[in-house]
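S.K.: turn this into a model:
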Amino acid sequence: MGAARDRTRKTKARKAISPFLTIIAETHEYIWGELRNGDRPDGKQIARQLRSVIVALPQGIEQIFARADSGFSCWQAAEAYQKAKAHFIMVARKTSRLLEQVQNADWKPSLNTDADQQCEFRYQPEGWGQAYRFVALRYQKKEENKSPQEREAVSTLRHPAG
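M.R.: Numbers count the residues shown, from 1 in each chain. Predicted coordinates for the structure are as follows:
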């Protein structure tokens, strides 16, 4: 009951319930969660979830480090983390404005990650109350296991001489 049509899978006709969970990464302990209909939660619901998580944390916690997927990427989540004095990382939603910033960024070798290059810049997404530090990583695409002749044929098809 209360399930909505699933918008993330190929079988959109099915109704789905999605879990909205918060788990401690190091110990895999469940802190807070709820079952929701298949719709993506809005900013108010995300902020309410984060406030509930912060209240549910054991006493004596001095620092909070959080990471969230792009489903949590909204001003209300950033604001909730900020009010809790949490250090946080969110996967950004790829908007055209953000992609333009990434393309024009100053890319440098990424010495401390497995990425080939990295860049960082200050950016304020539309509707957010302030700018934040954004970091992007660039990975070199791996060639598929093809013979040199097959790679050359594919390259020629993509970039015909002319």
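
S.K.: which strands or helices does the helix ranked longest in the chain pack on?
M.R.: In the chain, taking DSSP state H as the definition, the longest helix is helix 43-56. Helices and strands touching helix 43-56, by 3 or more CB pairs under 8 Å, 6 or more residues apart in numbering; DSSP states H and E, are strand 15-23, strand 30-37, helix 75-83. Placement of C-beta: from N, CA and C, glycine included.

S.K.: CA atoms of it as CSV?
M.R.: Taking C-alpha atoms only, helix 43-56 is exported to CSV below (Å, rounded to 0.1, in the frame of the first residue of the first chain):
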residue,chain,number,x,y,z
GLY,A,43,14.3,18.5,0.0
LYS,A,44,12.0,18.8,3.0
GLN,A,45,11.8,15.1,3.4
ILE,A,46,15.6,14.7,3.0
ALA,A,47,16.2,17.4,5.6
ARG,A,48,13.8,15.7,8.0
GLN,A,49,15.6,12.4,7.5
LEU,A,50,18.9,14.0,8.3
ARG,A,51,17.6,15.8,11.4
SER,A,52,16.2,12.4,12.6
VAL,A,53,19.6,10.7,12.0
ILE,A,54,21.5,13.4,13.9
VAL,A,55,19.1,13.1,16.9
ALA,A,56,19.5,9.3,16.8
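
S.K.: buried residues, the next helix or strand after that helix. List them.
M.R.: Per DSSP states H and E, helix 43-56 leads on to strand 65-68 as the next helix or strand towards the C-terminus. In terms of neighbour count (16 or more other CB atoms under 10 Å), strand 65-68 has its buried residues at 66, 68.

S.K.: one more: stretch 119-126?
M.R.: For stretch 119-126, the neighbour count (16+ other CB under 10 Å) marks 119, 123, 125 as buried.

S.K.: excluding chain neighbours, what is closest to the second one?
M.R.: Nearest non-adjacent residue to Tyr123, counting by CB to CB, 6 or more residues apart in numbering: Phe134, 4.7 Å away.

S.K.: residue contacts, that neighbour?
M.R.: By CB atoms under 8 Å, 6 or more residues apart in numbering, Phe134 lies in contact with 92, 98, 101, 120-123.

S.K.: doesn't it belong to a strand?
M.R.: Yes - counting by DSSP: H, G, I helix; E, B strand; the rest coil, Phe134 is found in a strand.

S.K.: from Glu29, how far out is it?
M.R.: 30 Å (CB to CB, to the nearest Å).
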